[in-house]
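Provide a 3D model corresponding to the input given below.
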Amino acid sequence: MRDKRALGLLAATLSAVGVVYWTENLAGQRNLSPEEQLLATVKQHPLAKLGPWLINLSEEYQPFARTSGQARSAFTSRNPALKVRNGEVDIEGVANDPVALTRTLAAIGATNVHGGGILFSARVPVDSLDRLDGSGVRVGVLSDSFGCEPPPFDPGAPTSTVAADKATDELPSDIVVAADSCPGNFDEGRAMLQLVHDVAPGAAGAFHTAFNGSFDFACGIMELGGIDTPGAAHACGAFGEPDSPLTGGDVSNVVVDDVIYFAEPMIMPGAIAQAADTVSKAGIPYFSSAGNQARDSYESAYREIVDNGNFGRNLHRGVAPGPNAIRVHDFGSGDTAQTITMTQSGGSSFVLLSFQWDQPHFTSTAFGTLLNGGTIQDALNAPAATTDMDVLFYDAKGILVPLCPPGLAVGITCQITGTNNLLTGNAVDIVGLFFTGPAPVGQFQIRITRSGGSAAVSRVKYVRFQVTGETAVNEFDTRSGTAYGHANAQGAASIGAAAWYATVEWKDNPADPFGLFRNPDGSPRCNPACAEDFSSAGNIAIFFDGLGNRLAAPFCQTESMGNWSGRR
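Residues are numbered from 1 along each chain as shown. All right, here's what the predicted structure looks like:
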């Protein structure tokens, strides 16, 4: 088990101390007392582990480096308590990873290094103090790409390259790229590593694209985390994962991503979630975005009725007789269709639904079987969905929307649906409704039907993803959780979004005209934070384990959104 502290440096101090302080104005951030403001400036500083004296010295050196044009050795501190000679200062500290810290001290040119066990002292260049904070840590990132270096969104706008980012200290110099995905991507992974470098300037980085399919994503997680068990090699080798370019010294101590695949299972750990759980069990913290789907979800017990309406022309809510019996979900009181309103933007409104039900996903159970040491034959016999479910879209008059032509088409309202779940073995359908034409607003109806297979379905759920335009649900809107997939993995921390002014830090904000921050009893409402309205909600139940075994009782891994979206 890895030490979750995962930092080479626990604390560092100067060998000699005096009585001075470093400060920065935080008055605009929250209503702090002068004492709180002064102390928070140091205690919450990105270099807090270095302590106030080294923070003071590092901040004093930065303007000298930017403006003087002189060598570091010419720098002298105005602080008489600090013994800076030839641009170097003596420090001592405590390390929780002595090997990693020794490596970092050597890399920055430290001299007079002494110590035993976790205690050390050294003489360190003042221009490398920030590299001590977070030293020994490598943060692994999974996103679209790292080094594609796309042009700016707006012609003539500023942009940068990997080399430029390293030269201007926007990125750490030590970044290992395990796998990238170019062209066509936008280097969000590089942006994430820029943010990591701001928070932990001494940490190294690693990157693996998440855009080469869900299985490559899962294997990339374990690759960044240095998971080299026979099961991991078996699972990833079975799906064509190439030999890892990472060495033992490149293993990430923290892993983070910002990606979701629409088809990730909601009711069981998929391959990506199982990979996140694997690195978490190895002591590597895993963080993922909760998502931006708010509560755009319908979830219900499945209630099947046989509808004999004339489905070629009109739904009639199951009243009119007709020859085309169909097994459909009862949304409530015999109503077999859910009405939605779509509003175009830029000439279209395009909505995707990830629709799922409580049966195993074969690709996930097969991956889990291999990951847990099963054979190829075991994986081929892993549990799978036994029911073929579909979502169908109708217009406001109950007329079935036609299938989309290849690549959609201008001026045609159409749908994409019809996955054969008995063939795939996965209890998921990704369906889409593309609305275009002269009327900017239109009403449509959603039906859930069982097209074949077993009747053993007790739960149905969909999450909406808006591609263009807007969609409003007019009835039976359960506003259920949407942070599904690996964001809902037991070993992952799912990160929601909150505005800075809607946090417990602002509980004493005197300017609160809308009552955002306090409950009627005076307690802070946003504790620790109130989620943005777009941030995905949690509280999604898990029905199966990674091998497809139904749990004795559904298990919720995240809290509901109340005050905080996606909070563990």
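
Only C-alpha atoms from now on, for both contacts and neighbour counts.
Noted.

mind checking how far S214 is from E264?
From S214 over to E264 the distance is 8 Å, taken as C-alpha to C-alpha, to the nearest Å.

and what of N212?
15 Å.

other SSEs contacting the host helix or strand of E59?
Assigned by DSSP states H and E, E59 falls within helix 51-67. Applying 3 or more C-alpha pairs under 8 Å, 6 or more residues apart in numbering; DSSP states H and E, we find helix 51-67 packed against strand 9-14, helix 129-132.

could you redo the last one with a cut-off of 10 Å?
strand 9-14, helix 34-43, strand 88-95, helix 129-132 (3 or more C-alpha pairs under 10 Å, 6 or more residues apart in numbering; DSSP states H and E).

Next, the angle from that helix to helix 34-43.
70 degrees (axes from the mean of the first three to the mean of the last three C-alpha atoms, to 10 degrees).

Identify each buried residue in the longest strand seen in the chain, please.
In the chain, with assignment by DSSP state E, the single longest strand is strand 441-453. By neighbour count on 16 or more other C-alpha atoms under 10 Å, the buried set for strand 441-453 is V441, G442, Q443, F444, Q445, I446, R447, I448, T449, R450, S451.

Please apply the same query to stretch 492-511.
492-498, 501-507.

In TSV: those residues, plus distance to A203, pLDDT and secondary structure.
Formatted as TSV, the buried residues of stretch 492-511 follow (distance: C-alpha to C-alpha, whole Å; pLDDT from 0 to 100; DSSP: H, G, I helix; E, B strand; the rest coil):
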residue	distance to A203	pLDDT	secondary structure
A492	21	93	strand
A493	20	90	strand
S494	22	90	strand
I495	21	89	strand
G496	24	88	coil
A497	24	88	coil
A498	26	84	coil
Y501	29	75	coil
A502	30	77	coil
T503	28	78	strand
V504	29	74	helix
E505	28	72	helix
W506	31	70	helix
K507	33	65	coil
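
still on that earlier bit, identify the contacts common to S214 and E264.
G270, A271, I272 (C-alpha atoms under 10 Å, 6 or more residues apart in numbering).

Might one say that the last one is in contact with A218?
Yes - distance between I272 and A218: 4.4 Å, which falls inside the contact criterion (C-alpha atoms under 10 Å).

shared neighbours, these two?
With C-alpha under 10 Å, 6+ apart as the test, I272 and A218 both reach F367, H486.

Between these two, point out the one with more neighbours.
For I272 and A218, the more surrounded residue by other C-alpha atoms under 10 Å is I272, and the numbers stand at 28 against 23.

and that one, which of the three is it?
Assigned by DSSP: H, G, I helix; E, B strand; the rest coil, the conformation of I272 is helix.

residues touching it, list them.
214-222, 260-261, 264-265, 278, 364, 367, 485-487, 489.

if you look at the residues you listed, which of them are in helices?
Among the contacts of I272, DSSP state H puts S214, F215, D216, F217, A218, C219, G220, I221, M222, T278, S364, F367 in helices.

What is the neighbour count of the third one?
Around D216 sit 23 other residues, with neighbours defined as other C-alpha under 10 Å.

Could I get the full set of helices for the protein?
34-43, 51-67, 98-107, 129-132, 162-167, 188-199, 214-224, 230-238, 271-281, 362-371, 376-380, 421-424.

got JSON lines for those helices, with distance to F355 and mean pLDDT too?
Listed next are the helices of the chain as JSON lines, based on distance: least, C-alpha to C-alpha, whole Å; pLDDT from 0 to 100:
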{"stretch": "helix 34-43", "distance to F355": "47", "mean pLDDT": "77"}
{"stretch": "helix 51-67", "distance to F355": "52", "mean pLDDT": "85"}
{"stretch": "helix 98-107", "distance to F355": "47", "mean pLDDT": "74"}
{"stretch": "helix 129-132", "distance to F355": "47", "mean pLDDT": "74"}
{"stretch": "helix 162-167", "distance to F355": "40", "mean pLDDT": "94"}
{"stretch": "helix 188-199", "distance to F355": "28", "mean pLDDT": "92"}
{"stretch": "helix 214-224", "distance to F355": "18", "mean pLDDT": "94"}
{"stretch": "helix 230-238", "distance to F355": "27", "mean pLDDT": "84"}
{"stretch": "helix 271-281", "distance to F355": "18", "mean pLDDT": "95"}
{"stretch": "helix 362-371", "distance to F355": "16", "mean pLDDT": "95"}
{"stretch": "helix 376-380", "distance to F355": "24", "mean pLDDT": "93"}
{"stretch": "helix 421-424", "distance to F355": "12", "mean pLDDT": "94"}
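
Same list, these, but as TSV with distance to V431 please.
Converted to TSV, those look like this (distance: least, C-alpha to C-alpha, whole Å):
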stretch	distance to V431
helix 34-43	50
helix 51-67	54
helix 98-107	49
helix 129-132	49
helix 162-167	38
helix 188-199	27
helix 214-224	19
helix 230-238	29
helix 271-281	22
helix 362-371	19
helix 376-380	27
helix 421-424	13
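
Which one, of those helices, ends up nearest to S536?
Among the helices of the chain, helix 271-281 comes nearest to S536, with 17.1 Å by C-alpha to C-alpha.

From the chain's centroid, how far away is that closest one?
Counting by C-alpha atoms, centre = their mean, to the nearest Å, helix 271-281 is centred 13 Å from the centre of its parent chain.

any idea of the angle that helix forms with helix 362-371?
Using the same axes, to 10 degrees: helix 271-281 against helix 362-371 is 30 degrees.

what comes up buried for helix 271-281?
Buried, per 16+ other C-alpha under 10 Å, within helix 271-281: A271, I272, A273, Q274, A275, A276, D277, T278, V279, S280.

how about it as CSV, C-alpha atoms only?
Listed in CSV are the C-alpha atoms of helix 271-281, where the atom choice follows Å, rounded to 0.1, in the frame of the first residue of the first chain:
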residue,chain,number,x,y,z
ALA,A,271,-13.8,-0.8,-16.9
ILE,A,272,-12.8,2.8,-16.2
ALA,A,273,-14.3,2.7,-12.8
GLN,A,274,-12.6,-0.6,-12.0
ALA,A,275,-9.2,0.9,-13.0
ALA,A,276,-9.9,3.9,-10.8
ASP,A,277,-10.6,1.6,-7.9
THR,A,278,-7.5,-0.4,-8.6
VAL,A,279,-5.1,2.6,-8.4
SER,A,280,-7.0,3.8,-5.3
LYS,A,281,-6.5,0.5,-3.6
